[in-house]
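Chemist: Just the structure for this:
(one chain, ligands or ions: 2)
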Amino acid sequence: TRSTRPQRLLKAVQKHATRGDPQSVISAIDHFCRHSEWAMNIGDEKGSILDSVVSEVNPEKVLELGTYCGYSTVRIARLLPPGARLITLEFNADYAAIARQVIIWAGLEDKVQLVEGASEDWIPRMKEHFGIETFDFVFLDHWKDRYLPDTKLMEDCGLLRKGTVLLADNVICPGVPDYLAYVRNSLSYKSCYFKSHLEYTKAEDGLEKSVFLG
Ligand SMILES: O=C(NCCCCc1cc2ccncc2s1)c1cc(-c2ccc(F)cc2)cc(O)c1O
Ligand SMILES: [Mg+2]
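Modeler: Numbers count the residues shown, from 1 in each chain. Ligands and ions are numbered 1, 2, ... in the order given. Predicted coordinates:
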């Protein structure tokens with residue numbers, strides 16, 4: 001039967017990227033998405049903003065909601081200091097299988113723990129299952145109607161500390177209006193918007209960076 005888009009994306013990585021070289025994996029995926037088939041990776045333009053926020057925070061403990069093919073996982077993990085850990089949640093088993101291979105091709109498997117399942121099931125188990133106290137950085141890129149409930153769930157589970165940075169993709173396209181209203185109006189967050197474009201297109205999109213104030 002016909003291959004899936006994530007399978008074709010992985011083939012492009014294995015053909016054009018150098019094993020153990022995260023930048024070549026990032027470039028191979030961006031080339032595939034720009035010249036062969038669009039895919040919902042954060043992309044190179046928003047990806048550069050992600051890089052700058054991760055470098056500024058220099059996190060030890062990272063949570064990513066929504067792995068897809070592992071593009072943003074590789075972007076984040078390649079910038080982490082030795083000993084830092086990234087937990088990434090993916091709901092779709094087919095996406096997770098591809099992402100595991102992409103992360104291994106980049107040589108970043110020692111920094112990344114990919115967990116298959118729903119954010120609402122796993123967020124309450126972070127402490128007892130992964131020995132996590134709090135996260136330093138959270139990247140939200142999963143179901144857009146889960147950004148707000150999962151942020152409240154992370155607050156309630158004590159997974160955020162004074163200074164934890166949340167970075168949310170797609171706040172304009174597809175859009176997360178309820179989440180934006182919450183982080184921009186809540187006294188518990190200092191929020192700012194990074195205007196950009198939907199991956200590999202000219203449509204407007206952007207990232208919202210929100211610092212939890214405790
Ligand atoms: O849906 C998007 N991303 C979420 C996929 C949902 C995967 C999930 C992971 C997970 C983990 C744990 N619990 C539950 C879940 S659910 C998404 C969509 C577009 C887009 C934009 C314009 C279009 F015309 C068409 C698509 C662009 C993007 O950058 C996206 O991120
Ligand atoms: Mg996205």
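Chemist: Mind pulling up the pLDDT for the residue of the chain found nearest ligand 2?
Modeler: Closest to ligand 2 within the chain is residue 169: 3.7 Å, counting by C-beta to the ion. All C-beta spots, glycine's among them, are computed from the backbone N, C-alpha and C. Per-residue confidence (pLDDT) for residue 169: 99.
Chemist: Tally up the residues packed near residue 122, please.
Modeler: 19 (other C-beta atoms under 10 Å).
Chemist: Residue 168 too?
Modeler: Considering only other C-beta under 10 Å, residue 168 is surrounded by 25 other residues.
Chemist: surely it meets residue 176?
Modeler: Yes: at 6.5 Å, residue 168 counts as touching residue 176 under the criterion of C-beta atoms under 8 Å.
Chemist: got any residues that touch both of these two?
Modeler: Residues touching both residue 168 and residue 176 (C-beta atoms under 8 Å, 6 or more residues apart in numbering): residue 147.
Chemist: and the protein, which residues reach ligand 2?
Modeler: 141, 169, 170 (C-beta under 5 Å from the ion).
Chemist: number of nearby residues for the second one?
Modeler: The criterion is other C-beta under 10 Å. On that basis, residue 169 has 31 neighbouring residues.
Chemist: List the contacts of the nearest residue to it once chain neighbours are set aside.
Modeler: Excluding its sequence neighbours, the residue lying closest to residue 169 (C-beta to C-beta, 6 or more residues apart in numbering) is residue 141, at 4.3 Å. Contact analysis of residue 141 by C-beta under 8 Å, 6+ apart lists 42, 64, 65, 66, 68, 72, 168, 169, 170.
Chemist: Helices along this structure, start to end?
Modeler: 5-16, 22-35, 43-57, 71-77, 93-105, 119-122, 126-130, 147-156, 177-185 (DSSP state H).
Chemist: near ligand 1, which residues of the protein show up?
Modeler: Counting by C-beta under 6 Å from any ligand atom, the chain comes close to ligand 1 at 40, 65-66, 89-91, 118-119, 141-143, 146, 169-170, 173-174, 198-199.
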